[in-house]
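Enquirer: here is a sequence together with a model predicted from it:
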Amino acid sequence: MTGHDQLQSPSRRKALKAGGAIAATALFAPSLLRSAWAEEEPITLLTWESYDEPDWIAEWEKANGAKIKPVIISSLDEVFAQLQSGAVKPDVVYSEASTAGRLKKAGQITPFDVSKVPNVANILPGLNWKDPLTVDGELMGIPLHWGTQPLQYNADVIKEPPMSWAALWDKTYEGKVTIFDDATVTIPMIALYVGAKDPFKLTEEEFTSVTNALRELRRQVRVVTRGFDDAANVYASGEALLGYCHNVTVVNTLKKKGLNFKYTLPKEGTPSWIEGTYVTPKGQRDIVYKFLNDTMSVDWQTRFMKFSGSNGVLTPEAARKAGFTEAELKTTNILDSEDPAFKSNLVFFREPEDVERRIQIWNDFLAGTL
């Protein structure tokens, strides 16, 4: 089945559950501080699936005498929708580095006090994170992790690894393609496919090409997903054979289920990101920075990386010392991080020329009115 009337958006799932203990020494605080923090309001996080699992949060709360309230989001567009509506009043916002300027202009985030997070020393030196997270000379956040958004496929069905985004438009896979509901992240991939000189500064002619390509893609797409686990379920059910990968966490989740999914970095370039951790005006509290410092510890990063398949921020050496096997490292981009060929393929997100125009094009796509 194909066509405009088959586009679906599965309901958002609950966050994945997982255990795994983090070293208690990294989380415990002096008892007097724990007593003081117990009087404070909860730390509200605007966060994503696999970032702050329930077991981890419960452990941290017990160790620190403070409460955490995670609010799960599924797209960058939803970050702004939640903040603008006022429905959520977070202390911490996790959002891609290219959104730092918009968040600052909207008054949603404040300069980050990096002196309160000494564990930034654990960030691999090759990750250029300060530039994209700095706005008008002020550091607005720190990275939680970084990664790529590659082309994902079912290797049992697609024997030859697809090395171009053109595979998503291949009529062989009509009705078997999936993408995710996020204008900010998806349109740059379309721009790379049509050969835009700069996927974040489109000309009028390039906007036309992107719109036409997106219109053609609609017939290919069976499902538009929301969140990592939605995407994993769509692939696992056989509804999709290939698609734009929201996060390599999806591929690793499917592998853990014994399914043969892989990904490639297309020749046109691979959209890539640095996930920024931002603090709101409400979040400028010592307990908030205590939590963020703990999430940058080797222990927390190791658990997060092992669970999600994320690159985290650790160097290969630090990851090995923390217990990563070579097989586990190969499920991430950590070993590739200093490879010139790998790095030259990555196209890191930047703030685009017209956010609202891109969102309108995307909404028209979803509505079938493009």
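Expert: Ah, there it is.
Enquirer: chain center to stretch 75-91: distance?
Expert: Centroid separation for stretch 75-91 versus its chain: 16 Å, with CA atoms, centre = their mean, to the nearest Å.
Enquirer: 46 is where my numbering starts, stick with that
Expert: Right, with 46 as the first residue, what we last looked at is stretch 120-136.
Enquirer: return the set of buried residues in that stretch.
Expert: Of the residues in stretch 120-136, Ser120, Leu121, Asp122, Glu123, Val124, Phe125, Gln127, Leu128, Val133, Pro135, Asp136 count as buried by neighbour count, 16 or more other CB atoms under 10 Å. To be clear about C-beta, it is placed using only N, CA and C from the backbone, and glycine gets the same treatment.
Enquirer: repeat that for stretch 359-374.
Expert: Across stretch 359-374, burial judged by 16+ other CB under 10 Å covers Leu359, Thr360, Pro361, Ala363, Ala364, Ala367, Phe369, Glu373, Leu374.
Enquirer: and these, which of them are in strands?
Expert: Under the assignment DSSP state E, the buried residues of stretch 359-374 contribute nothing to strands.
Enquirer: ok, which pair from those residues is furthest apart?
Expert: Thr360 and Glu373 (14.6 Å; CB to CB).
Enquirer: in what helix or strand does Thr89 lie?
Expert: strand 88-93 (DSSP states H and E).
Enquirer: for burial, what's the neighbour tally of Thr217?
Expert: The burial count assigned to Thr217 is 10, neighbours taken as other CB atoms under 10 Å.
Enquirer: would you format the buried residues of stretch 359-374 as JSON lines with distance to Leu310 and pLDDT included?
Expert: Formatted as JSON lines, the buried residues of stretch 359-374 follow (distance: CB to CB, whole Å; pLDDT from 0 to 100):
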{"residue": "Leu359", "distance to Leu310": "21", "pLDDT": "95"}
{"residue": "Thr360", "distance to Leu310": "21", "pLDDT": "92"}
{"residue": "Pro361", "distance to Leu310": "19", "pLDDT": "92"}
{"residue": "Ala363", "distance to Leu310": "24", "pLDDT": "94"}
{"residue": "Ala364", "distance to Leu310": "21", "pLDDT": "94"}
{"residue": "Ala367", "distance to Leu310": "26", "pLDDT": "95"}
{"residue": "Phe369", "distance to Leu310": "22", "pLDDT": "93"}
{"residue": "Glu373", "distance to Leu310": "20", "pLDDT": "88"}
{"residue": "Leu374", "distance to Leu310": "17", "pLDDT": "89"}
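Enquirer: hang on, Ile168 packs against Val162?
Expert: No: taking contacts as CB atoms under 8 Å, Ile168 lies outside contact range of Val162: 10.3 Å.
Enquirer: overlap in contacts of the two?
Expert: Counting by CB atoms under 8 Å, 6 or more residues apart in numbering, the common neighbours of Ile168 and Val162 are Ile187, Met341.
Enquirer: mind listing the strands for the stretch 196-345 of the chain?
Expert: All strands of the stretch 196-345 of the chain, identified by DSSP state E, counting those that start in this stretch, fall at 196-199, 222-225, 266-270, 287-289, 306-309, 315-324.
Enquirer: confirm Val138 sits in a strand?
Expert: Yes: counting by DSSP: H, G, I helix; E, B strand; the rest coil, Val138 is found in a strand.
Enquirer: which of the residues in stretch 300-315 are buried?
Expert: Buried residues in stretch 300-315 (16+ other CB under 10 Å): Leu304, Phe306, Lys307, Tyr308, Thr309, Leu310, Pro311, Glu313, Gly314, Thr315.
Enquirer: show me how far that stretch is from its chain's centre.
Expert: Worked out by CA atoms, centre = their mean, stretch 300-315 lies 16 Å from the chain centre.
Enquirer: can you check stretch 121-137 too?
Expert: 16 Å.
Enquirer: cool, stretch 359-370 as well?
Expert: 22 Å.
Enquirer: that one spans what distance, first to last residue?
Expert: 14 Å (CA to CA, to the nearest Å).
Enquirer: who's in contact with the helix or strand containing Phe387?
Expert: Take DSSP H and E as the rule and Phe387 turns out to sit in helix 385-390. Here helix 385-390 makes contact (CB under 8 Å, 6+ apart) with Leu310, Gly314, Thr315, Asn378, Asp381, Ser382.
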